[in-house]
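1. Pasted the sequence and its predicted model underneath.
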Amino acid sequence: MPIELDMDKFREYSTEAEDENWEFRSFLKNCETPEHEIYNTVRRHFRDVSRDIDCTACGNCCRELRPSLQPGDVARLARAKGMSEAQPPRGLRRGIRRGR
């Protein structure tokens with residue numbers, strides 16, 4: 001299944017699945033599966049799905065989610081855009097949260 005890039009459609013799908021999502025969250029909170037097993041399953045699915053995502057295709061994550069960046073990410077982004085690594089433009093720095 002292709003990754004949805006249209007944010008209006010994505011919001012529509014999210015709204016349509018809201019009840020199902022709440023049911024799933026309730027299931028997770030009340031199931032007897034150890035938390036670390038749930039975490040490992042989620043991480044595995046994240047890795048599988050994220051391999052299919054081209055981060056340069058739309059920019060929706062950066063506009064909608066405020067991504068966390070690891071040390072060096074801002075400099076790497078600045079270099080890729082031909083900007084100063086030492087002092088990237090405010091637009092590149094604005095809204096960035098440092099990753100863990």
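-> Done, it's in. Numbering: from 1, shown residues only.

2. Now do the helices in the protein.
-> 7-16, 18-30, 35-50, 60-65, 73-80, 90-93 (DSSP state H).

3. what mean pLDDT does the shortest one have?
-> Right, the one you point to is helix 90-93. Across helix 90-93, pLDDT averages out at 59.

4. Then the fourth one?
-> If you average the pLDDT over helix 60-65, you get 73.

5. Check which helices and strands that helix sits against.
-> Helices and strands touching helix 60-65, by 3 or more CB pairs under 8 Å, 6 or more residues apart in numbering; DSSP states H and E, are helix 7-16. C-beta coordinates here come from the backbone N, C-alpha and C atoms, glycine included.

6. returning to that earlier point: would you turn the helices of the chain into a markdown table with mean neighbour count?
-> What follows is the helices of the chain, written out as a markdown table (neighbours: other CB atoms under 10 Å):
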| stretch | mean neighbour count |
| --- | --- |
| helix 7-16 | 11 |
| helix 18-30 | 10 |
| helix 35-50 | 10 |
| helix 60-65 | 11 |
| helix 73-80 | 14 |
| helix 90-93 | 11 |
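
7. Averaging pLDDT over each of these, report the lowest-scoring one.
-> helix 90-93 (a mean of 59).

8. Look at the closest residue in space to residue 53 that isn't next to it in sequence and report its pLDDT.
-> Spatial nearest neighbour of residue 53, excluding adjacent residues (CB to CB, 6 or more residues apart in numbering): residue 3 at 5.8 Å. Per-residue pLDDT puts residue 3 at 77.

9. Torsion angles phi and psi at residue 3?
-> Residue 3 has phi and psi values of phi -80, psi 130 when expressed as degrees, to the nearest 10.

10. what's around it, how many residues?
-> 13 (other CB atoms under 10 Å).

11. Need the outlier residue of the protein, farthest from its centre.
-> For the chain, the largest distance from the centre (CA atoms, centre = their mean) belongs to residue 32, which lies 27.6 Å off.

12. what sits against residue 48?
-> If you count contacts by CB atoms under 8 Å, 6 or more residues apart in numbering, residue 48 has none.

13. cool, and residue 25?
-> Per CB under 8 Å, 6+ apart, neighbours of residue 25: none.
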